[in-house]
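S.K.: sequence first, predicted model second:
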Amino acid sequence: MSTAAPPASQFDIQEETGGSIGAAGREYWTRVKGGDMGSLPAILGAVVLVVIFGIMEGETFLSKGNFANLINQGAAITVLAMGLVFVLLLGEIDLSAGFAAGMGAAILATTLTERGWAWPLSVIAALVTGVAIGFAIALLVARLGIPSFVVTLAFFLALQGAMLLIIGEGGTIPIRDESVLSVMNDNMPVVLGWLFALLVIAGFAGATLMRIRARRKEGLPTEAMSVWALKVAALAAVVLIAVYLLNLERQRATAIITIQGVPWVVPLVAALVVGLSFVLARTAFGRHIYAVGGNAEAARRAGINVPNIKSACFVICSTLAVVAGILIASRDNSVSPTTGGAQTLLYAVGAAVIGGTSLFGGRGRVYDAVTGGLVVAIIANGLPLVTQQSGTQFIVNGVVLLVAASVDAISRRRAAATGR
């Protein structure tokens with residue numbers, strides 16, 4: 001029995017469909033009607049939200065400074081959602097991811113500020129903490145068979161208590177190390193930002209072109225070159241426009257300090273997206289994740305070590321949660337017992353699901369977290385500009401998450417009905 005392969009990209013159009021952009025569009029629309037909507041709802045949702053907030057609070061929401069702020073607001077949630085994608089692909093859940101982020105941030109702040117460690121050692125200690133948390137969860141879920149909901153709920157409470165013991169109730173540990181603070185608070189030089197944009201475009205074009213040539217060499221169907229060129233052009237347009245806006249001066253004309261450039265967190269998130277996407281789409285480990293998420297028993301009979309796959313995914317999730325915690329600490333310049341709490345986990349799960357990752361397992365991609373994280377960031381950024389009522393904000397966030405879950409359920413039903 002062969003293992004399940006990761007789902008094809010929404011835009012992977014094979015030559016047997018005609019090879020033209022028109023044929024690609026028809027094939028894509030057929031998949032959408034069949035339930036394979038991918039990130040389309042998230043992209044449409046982001047566009048609608050930008051239009052709404054732009055009309056209601058255009059002067060503030062559409063400002064240059066707010067665009068950079070939007071990126072910083074969504075970075076930590078996006079990274080946390082990337083980790084959750086690995087767990088959700090298995091059909092599991094990790095309710096402790098938010099406080100795993102907070103725990104990693106607490107270890108970072110304690111060793112950095114109170115113990116005087118160098119920042120590389122503090123970061124390593126935080127990441128090791130994430131690995132240990134993930135391994136402990138995996139031991140209980142994958143080896144003992146305890147439901148992930150129960151285990152991670154227990155860790156949700158335990159990690160919150162551990163943070164209180166480390167930091168103290170109501171306490172705050174400041175972050176003063178410039179290297180850590182610069183990740184979320186400093187920007188790349190303008191020239192370096194343009195070079196980064198060109199590297200992203202060239203890297204995407206080169207990687208996808210090599211894949212096309214490799215598939216043709218093996219006699220496998222590939223997408224048409226016109227479709228490839230359109231994808232590269234679309235990415236180039238988005239990246240170049242974004243870099244142009246970020247490189248504009250964001251400070252007031254009368255201010256002495258200059259604020260411009262791409263935030264340093266952008267290349268960090270981009271590197272994670274590329275690396276994790278490669279793991280899921282181009283390695284046997286990634287294919288095994290999809291196989292386990294699609295049918296764990298079938299995967300076991302095919303020779304896949306299901307407990308090991310589950311264990312690795314929980315470790316990846318907790319480790320990425322710690323990375324998100326470091327980003328939160330860098331943005332807030334401090335760590336408190338509430339770091340990683342409040343709506344952090346809900347926003348991250350919402351980002352993954354809104355982006356197109358299924359709650360039922362077997363379907364999702366790393367860049368789903370990016371598109372979903374963008375939607376969540378837009379809501380978190382725009383709603384306070386429109387209304388200061390917390391009740392309204394909670395209701396809107398709840399409705400958005402419910403709509404995303406409903407779209408997921410409807411998509412699965414249509415996919416089952418059409419045999420996709």
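M.R.: In hand now; what should we look at? The shown structure was predicted, so the numbers you read here are calculated from the model rather than taken from an experiment.

S.K.: in stretch 53-61, what counts as buried?
M.R.: By neighbour count with 16 or more other Cβ atoms under 10 Å, stretch 53-61 contains the buried residues Phe53, Glu57, Phe61. From N, CA and C alone the C-beta is placed, and that goes for glycine too.

S.K.: turn the residues you listed into TSV, including pLDDT.
M.R.: Putting the buried residues of stretch 53-61 into TSV (pLDDT from 0 to 100) gives the following:
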residue	pLDDT
Phe53	86
Glu57	81
Phe61	83
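
S.K.: and the residues you listed, which is closest to Leu90?
M.R.: Leu90 lies nearest to Phe53 out of these, by Cβ to Cβ, at 35.3 Å.

S.K.: phi and psi next, for the residue lying closest to that closest one once chain neighbours are set aside.
M.R.: Among residues not flanking Phe53 along the chain, Gly382 sits closest, at 3.6 Å (Cβ to Cβ, 6 or more residues apart in numbering). Backbone torsions of Gly382, given as degrees, to the nearest 10, read phi -80, psi -40.

S.K.: give me the low-pLDDT residue ranges for the stretch 301-420 of the chain?
M.R.: Low-confidence segments of the stretch 301-420 of the chain (pLDDT under 70): 408, 412, 415-420.

S.K.: ranges for the helices of it?
M.R.: Ranges of helices in the stretch 301-420 of the chain, per DSSP state H, counting those that start in this stretch, are 306-332, 344-355, 366-386, 390-418.

S.K.: tell me the most buried of those?
M.R.: Ranked by mean neighbour count under mean count of other Cβ atoms under 10 Å, the helices of the stretch 301-420 of the chain are led by helix 344-355, which reaches a mean of 27.

S.K.: okay, angle between it and helix 366-386 too, please.
M.R.: Relative orientation of helix 344-355 and helix 366-386, computed by axes from the mean of the first three to the mean of the last three Cα atoms, to 10 degrees: 120 degrees.

S.K.: what angle separates helix 344-355 from helix 390-418?
M.R.: 40 degrees.

S.K.: so which elements touch helix 344-355?
M.R.: Contact here means 3 or more Cβ pairs under 8 Å, 6 or more residues apart in numbering; DSSP states H and E; on that basis helix 344-355 packs against helix 40-61, helix 64-88, helix 97-109, helix 366-386, helix 390-418.

S.K.: okay, those helices in TSV with distance to Ile304 next?
M.R.: Below are these laid out as TSV (distance: least, Cβ to Cβ, whole Å):
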stretch	distance to Ile304
helix 40-61	30
helix 64-88	15
helix 97-109	25
helix 366-386	21
helix 390-418	23
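
S.K.: for these, which one sits closest to Ala271?
M.R.: helix 64-88 (10.9 Å).

S.K.: mind giving me the packing neighbours of the closest one?
M.R.: So helix 64-88, by 3+ Cβ pairs under 8 Å, 6+ apart, packs with helix 97-109, helix 225-246, helix 265-282, helix 306-332, helix 344-355, helix 366-386.

S.K.: can you give me the domain assignment for this protein?
M.R.: Recorded structural domains for the chain (assignment: automatic domain parsing) are 38-186+263-418, 187-261.

S.K.: Gly22: which of those is closest?
M.R.: Comparing the domains of the chain by Cβ to Cβ, domain 187-261 comes nearest, at 9.6 Å.
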